[in-house]
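In: Everything below, folded, please.
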Amino acid sequence: MTFLAAIGASVLSLLAGIGRVAIYALQALSHVFRPPFYGREFATALLNIGWLSLPVVGLTAIFTGGALALQIYAGGARFNAEAVVPQIVAIGMVRELGPVLVGLMIAARVTSSIAAEIATMKVTEQIDALVTLSTHPMKYLAVPRVLAGLITVPLLVGIGDVIGIFGGYAVGIGTLGFNPANYIKNTVDFLEPFDIISSLIKGAVFGFLATMMGCYFGVNSGRGAQGVGRATKSSVEAAAVLILAANFLLTGVFFSI
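Out: I've put the predicted structure just below:
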């Protein structure tokens with residue numbers, strides 16, 4: 001009975017945590033439509049989440065696209081299907097690898113940064129100072145970052161898709177001996193508009209999840225340096241798991257037969 005009670009307590013704790021996160025997310029969304037709006041915080045978040053994430057997103061995408069081309073060529077050679085490299089690289093990057101990899105990079109870079117920043121503000125009582133100055137912490141800290149994530153991550157996903165396809169193109173032309181014109185034609189002809197739309201929708205969802213987890217765990221961190229560390233670690237873990245789970249659900253919704 002003690003073992004079953006421990007399992008039940010763990011399940012109840014998990015469900016309570018999910019409920020708290022859902023309530024926090026709904027509160028943040030409700031504050032989006034209420035004044036005031038802190039434009040300077042929003043612009044800073046756009047810079048940190050979008051522009052400063054471009055190098056890591058670009059490097060991740062180009063190496064992934066190149067490796068994907070090599071793997072598909074090696075696997076296709078077993079069935080005399082080497083010619084499908086452009087098509088599979090394009091659909092693999094746009095539908096799955098592009099959004100997921102960008103989402104995980106944002107979780108690693110942005111979620112951890114947001115959680116550590118807000119948790120440090122809580123430890124040093126800066127959040128209490130905001131309340132004293134009649135500034136709502138949700139509107140000042142969470143709303144600008146969540147909005148920036150919703151806007152910039154889809155753009156990063158689109159850029160990552162293009163760079164990843166270019167990585168496959170570079171490997172295909174330089175190493176695998178594909179004709180440049182045929183490679184581009186096969187890529188363009190195989191991709192459909194809905195593939196691109198679904199990729200951008202995934203990016204928006206992943207950006208929302210990544211920034212929301214950073215804000216939630218930062219605001220609810222414990223006191224002291226250990227509290228900041230636990231909040232940062234928990235935010236990245238939660239964001240990564242939620243991004244992968246959301247990707248599974250969205251893929252099922254978009255491409256189920």
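In: use CA for all of it now, contacts and neighbours both
Out: Fine.
In: Tell me the pLDDT of Phe255.
Out: pLDDT for Phe255: 83.
In: And it, how close does it get to Phe248?
Out: From Phe255 across to Phe248, the span is 11 Å (Cα to Cα, to the nearest Å).
In: And for Ala90?
Out: Note on Ala90: its distance to Phe248, by Cα to Cα, is 19 Å.
In: tally of neighbours for the residue nearest to Ile91 when sequence neighbours are not counted?
Out: Using Cα to Cα, 6 or more residues apart in numbering and skipping residues adjacent in sequence, the residue nearest Ile91 is Leu191, 6.6 Å away. Using other Cα atoms under 10 Å, Leu191 is surrounded by 16 other residues.
In: what are the phi and psi values for Leu191?
Out: When read as degrees, to the nearest 10, the backbone of Leu191 gives phi -70, psi 140.
In: Pretty sure it sits against Gly92.
Out: No - with contact defined as Cα atoms under 8 Å, Leu191 does not reach Gly92; the gap is 10.3 Å.
In: Figure out the helix or strand that the residue nearest in space to the middle of the chain lives in.
Out: A centroid search over the chain (Cα atoms, centre = their mean) returns Gly103, at 2.2 Å, as the residue closest to the centre. Under DSSP states H and E, the secondary-structure element containing Gly103 is helix 98-106.
In: who touches that helix?
Out: For helix 98-106, contacts defined as Cα atoms under 8 Å, 6 or more residues apart in numbering pick out 49, 53, 56-57, 60-61, 92-93, 153, 156-158, 160-161, 164, 199-200, 202-203, 206-207, 210, 240, 243-244, 247.
In: again with stretch 18-30
Out: So stretch 18-30 is contacted by Met138, Lys139, Ala142, Val143, Met212, Tyr216 (Cα under 8 Å, 6+ apart).
In: what's the neighbour count on the third one?
Out: When you say that, I think you mean Ala142. Ala142 has 29 nearby residues by other Cα under 10 Å.
In: picking that back up, angle of whatever helix or strand comes next after the helix holding Gly103 against helix 98-106?
Out: Downstream of helix 98-106, the first helix or strand assigned by DSSP H and E is helix 112-123. Here the directions of helix 112-123 and helix 98-106 differ by 30 degrees (axes from the mean of the first three to the mean of the last three Cα atoms, to 10 degrees).
In: Output the contacting helices and strands for helix 112-123.
Out: Judged by 3 or more Cα pairs under 8 Å, 6 or more residues apart in numbering; DSSP states H and E, helix 112-123 is in contact with helix 193-219, helix 224-255.
In: Which other helices and strands does the first one contact?
Out: In terms of contacts (3+ Cα pairs under 8 Å, 6+ apart), helix 193-219 is packed against helix 2-32, helix 98-106, helix 112-123, helix 143-174, helix 224-255.
In: and Gly39, which of these is closest to it?
Out: helix 143-174 (7.8 Å; Cα to Cα).
In: which parts of the lowest-mean-pLDDT helix or strand in the chain are buried?
Out: Lowest on mean pLDDT, DSSP states H and E among the helices and strands of the chain sits helix 2-32, with a mean of 84. If you call a residue buried by 16 or more other Cα atoms under 10 Å, then helix 2-32 has these buried ones: Val21, Tyr24, Ala25, Ala28, Leu29, His31, Val32.
In: Export those to TSV and append columns for distance to Arg223.
Out: Formatted as TSV, these follow (distance: Cα to Cα, whole Å):
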residue	distance to Arg223
Val21	20
Tyr24	20
Ala25	23
Ala28	23
Leu29	27
His31	26
Val32	28
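In: returning to what we had before: would you mind finding the most buried of the helices and strands packed on helix 193-219?
Out: Among the helices and strands packed on helix 193-219, ranked by average contacts under mean count of other Cα atoms under 10 Å, first place goes to helix 98-106 (a mean of 26).
In: which regions of the protein sit below the pLDDT cut-off?
Out: Along the chain, segments meeting pLDDT under 70 span 1, 257.
In: cutoff 90 now
Out: Counting by pLDDT under 90, the chain has low-confidence residues at 1-39, 50, 73-87, 122-141, 174-183, 186-192, 220-227, 229, 254-257.
In: Thank you, goodbye.
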